[in-house]
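Trainee: Give me coordinates for this.
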Amino acid sequence: MAEVEGQVRQLHNELEWIHQFLEYADAERRYDKMFKLWVNQIRDAAFDAEDVIDEFVFNLEHKRQQRFNNLKFLNFLPVCMGLPDKLPLVNELNDRISAVNITLEKILINKGRYDMENPRAYEAGSCSSSASTASSSEPWKEKRVIPSTVEESNIVGMKNDVEAVKRKLLEGKMERGVVAIMGMGGLGKTTLAKKIYDDRDVQHHFDGGRAWVSVSQEFSIRELLLGIANCVTTLKEKQKHEFSNDKLGEEVNKSLHGKRFLIVLDDVWNTDVWRWLSPYLPAESNKRSRVLITTRNEHIAVDARSDCYKLQLLDEDKSWELFLNKVGSAAATWVGLEEFKDGIVAKCKGLPLAIVVLGGLLSLKDLTLDSWRKVLKSMDWHLSQGPCSCLGILALSYNNLPSHLKPCFLYCGIFPEDSKIKASKLIRLWIAEGFVQKRGKETLEEIAEDYLSELIQRSMIQVADTRVDGRVKSCRIHDLLRDLAISEGKEEKLFEVDENIDDGNMLPTNVCETPENPKFLIKESAFYGLKLSRKIGQLVHLKYLCLSGSHLEIIRLPPSIEGLVNLQTLDSGNRHISIPHTIWKLRQMRHLTCRYGWISSRQSMRERWAYGHLGFHKMTNLQTLSLWSGDWLKDDNFNLGKVTSLKQLKLREIDPRSLEGLFQSVSQLTRLQNLELVIDYLKLLKGLSASNGGAECGTMLLFPGLESFSHHKCLCKLFLEVPIQGLPTETTHYPPNLIQLKLHFTRLKEDPMPILGRLPNLRILTLLYGSYVGEKMNCPQGRFLLLEFLQIEELRELEDFSIEETTMPNLKTLKIESCHKITRFPHGILGLEKLQRIQLYHVSQELKNVVSDTPGEDWNRIRLITSYARPQNKNLW
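Mentor: Numbers count the residues shown, from 1 in each chain. As a prediction, the model looks like this:
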């Protein structure tokens, strides 16, 4: 056995070397076909080695656990497996390790056989963010190559961009300043900078000297200083060659001292560029000199303390205008052109580089439908050929990613084209894949969120929606970057692509269709009758199980679910789901997201003897718990407050009699960010009936005070659907950083607005049916200073709703729905300058008449932003 363990250790060490090699090999592999084949074979062998070790460790532990459970009743607790249990596994491991080693040896032999003794991958570097001191004598270092098709003086859609950046350069503070142009590859940052650099006003303003330096990924401080010295000094070539870096920097400083200068640093990939160069440039406080940086990485712009200008994608009209400009006058007037417009615009998605490359290619083709159709059918191929191609230039950004971010970016390729990617889902998938590396005391979710932010800063992913606290809610990826992710992902063997797959079923959908050991099982079906095999518990490597949908059929998880010992996420979407109590055995669970799910069974006495008391308190990694309340919550052993890792807690169908104990537990969950509590209405009505009008029940349902939330500094989102006798009058009793509050059936009798208006960080307030039962509601002066969204819906007794002046100065959206007794328009609305939308749905005709008939300029503005028809997708939260 010791010999086998040594083999496992040796194989593990070999894997570490292989992983390091693969990081260095990424950039070179892209365009060297022979080297690509060799690297891919090494990668396949690495995957085999990982599978061997993972499966052996799991089987060893599984056998040990079986033996442990069988012998527990005999009070015999073995420390490890016995030799008879190990022998079959040892023999199998021996055979598989031997096979892997033979494969690796053959691959290495082929390296010498086909003249690859010195692969350039070792020289190419990993293209990471670390600085290099490469000299120009190293021809293999990756330099940025800009195709001439991009450097056009007449590229359209940049007039406003030019003026905006010129203002940043010519105006503003007197001391030396840095301006950055930031955006994804192919947006035209260099083209914009060149237009500004050659602008007459700019040339006249910076009469003390101008210099343009192309930086790229691999740079040296000497190259930068030489580039500037060539433009602003009169040094002879011999002096430039003999001077040290410091002496060269002194000469540059001397030449620029007392002058107004402009230095352009084009294509900066590293924060060290400006840190190293800055000391050599004069920083007089009265010359208004400027340094202009172009970069794909927002962090570089921030680190240089620059005034950053973010370049955006072109809209459809400007995209088509640019294409016509590039394709030539003959093609622009061709009658057959209109057939191709939608396809071209859709594919390029506003990226100037793609538009220019495609336009240049088509400008060389005959003006016939067949000729153009052939090109556009292979559009992806034409955009991906060679290092100077569109995808080749975008690949520079990928090659520059740190190794831990590369698989995270590639993984975005599995999502459908043009789709919004839910950030929480993406993060959970990254964690399940093992992409997220442990870092200190941070949770994996926190680390993964940093990964996502860095990819956004590097312009690899775009933000689609943000949460109320400013964090990313959803993101998207440009089509061409998605093509790059898919291409590289297939090369990396990260995933396989089925060209005929349904968007709703991106991954395998049931047990019989999955590989032997899948990590993911996602079913987003559009039909009834989804069934899970009883053998699902055999998928021991399953980490992410998603059964989302919008139908009312009940999914019943089989008891074998307990076999999914590696499961991290169970997500049932809006489906009703019956969950066996054995779910509590899954200690790797991080996100139990079953909005309409319930625990359908109890632990037997025999199970308690065998396993001890099962409960969610043993899920020490649990971050999200969304479930129906039930008997499991009443059990004295199920102390919710013990699961201090919880960040999201959403409980529905809560028994009114358990509210007090529940909130005692909630008071201990100080890491909560999102809390949602919904009462069981049937039990509530029974309690009201039994108490003859609610006197006794009123005491039973008394919300035990929001005081328990005063220490929840992370809690920013709160939804309460439970009766409350009254709101605390002191703001110190509320979550100090509460941003979003939603109340439903709280049955408040006193006007909540004077109290809620004093919450310092409240931005979104939603008052739904039964949240307030009074007739008057008034928002006093000077309250709701940060509120941006206010919704009142189905407050059936409300007659008088008023908003005083200086209230809600930041309000952007006001929504009033099904409040039929309101007949007067709220006072103070006319003075809200930031108001953008007013939604009046199912309101009285009198209220509509006030809005439509009252004369005046302010009322004209109100009418322009008011709508009366509810949108198809109702989003209250």
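
Trainee: Please make it C-alpha for all contacts and neighbour counts, starting now.
Mentor: Fine.

Trainee: Quick one: distance of stretch 555-575 to the chain centre.
Mentor: Stretch 555-575 sits 25 Å away from the centroid of its parent chain (Cα atoms, centre = their mean, to the nearest Å).

Trainee: That one: end-to-end distance?
Mentor: End-to-end distance of stretch 555-575 (Cα to Cα, to the nearest Å): 7 Å.

Trainee: Same check on stretch 790-803?
Mentor: 12 Å.

Trainee: go on, stretch 466-480?
Mentor: Termini of stretch 466-480 sit 23 Å apart (Cα to Cα).

Trainee: for stretch 540-558, same thing?
Mentor: Stretch 540-558: ends 15 Å apart by Cα to Cα.

Trainee: helix, strand or coil for Gly470?
Mentor: coil (DSSP: H, G, I helix; E, B strand; the rest coil).

Trainee: got it, and Val436?
Mentor: Going by three-state DSSP: Val436 is coil.

Trainee: Look at it and report its pLDDT.
Mentor: Here, the pLDDT recorded for Val436 equals 93.

Trainee: got a list of what it touches?
Mentor: His404, Trp430, Leu444, Ile447, Ala448 (Cα atoms under 8 Å, 6 or more residues apart in numbering).

Trainee: From Trp430, how far off is the fourth one?
Mentor: Spelled out, it's Ile447. For Ile447 relative to Trp430 (Cα to Cα), the value is 11 Å.

Trainee: Please apply the same query to the first one.
Mentor: Going from His404 to Trp430 by Cα to Cα gives 11 Å.

Trainee: more crowded one of those two?
Mentor: The residue with more neighbours, out of His404 and Trp430, is Trp430; 21 against 13, by other Cα atoms under 10 Å.

Trainee: What strand or helix carries the more buried one?
Mentor: Assigned by DSSP states H and E, Trp430 belongs to helix 423-433.

Trainee: tell me which residues in that helix are buried?
Mentor: Residues Ala423, Leu426, Ile427, Arg428, Leu429, Trp430, Ile431, Ala432, Glu433 are the ones in helix 423-433 that count as buried (16 or more other Cα atoms under 10 Å).

Trainee: cool, stretch 836-849 as well?
Mentor: Arg837, Ile838, Gln839, Leu840, Tyr841, His842, Val843, Ser844, Leu847, Lys848.

Trainee: what's the most distant pair in the residues you listed?
Mentor: Arg837 and Ser844 (18.7 Å; Cα to Cα).

Trainee: Beyond the one helix or strand in the chain whose mean pLDDT sits lowest, next helix or strand please.
Mentor: In the chain, no helix or strand scores lower on mean pLDDT, DSSP states H and E than helix 121-124, which sits at a mean of 34. The helix or strand immediately downstream of helix 121-124 is helix 159-170, counting by DSSP H and E.

Trainee: Could you name the helices and strands sitting against that following helix?
Mentor: In terms of contacts (3 or more Cα pairs under 8 Å, 6 or more residues apart in numbering; DSSP states H and E), helix 159-170 is packed against strand 177-182, helix 189-197, helix 200-205.

Trainee: now the longest one and strand 177-182, what's the angle there?
Mentor: Regarding helix 189-197 and strand 177-182, their directions subtend 140 degrees when assessed with axes from the mean of the first three to the mean of the last three Cα atoms, to 10 degrees.

Trainee: where's helix 189-197 relative to the chain centroid, distance-wise?
Mentor: The answer for helix 189-197 is 31 Å, by Cα atoms, centre = their mean.

Trainee: Pull the residues that contact the longest strand that the chain contains.
Mentor: As assigned by DSSP state E, the longest strand anywhere in the chain is strand 569-579. Strand 569-579 has contacts (Cα under 8 Å, 6+ apart) with 428, 543-558, 589-601.

Trainee: Mark which of the residues you listed are buried, thanks.
Mentor: Counted by 16+ other Cα under 10 Å, the contacts of strand 569-579 give 428, 543-549, 554-558, 589-599 as buried.

Trainee: Now the residue minimising distance to the centre of the chain. Nearest residue, chain neighbours left out?
Mentor: Nearest residue to the geometric centre of the chain (Cα atoms, centre = their mean): Ala423, 3.9 Å. Nearest residue to Ala423 in three dimensions, chain neighbours excluded: Ser474, at 4.8 Å (Cα to Cα, 6 or more residues apart in numbering).
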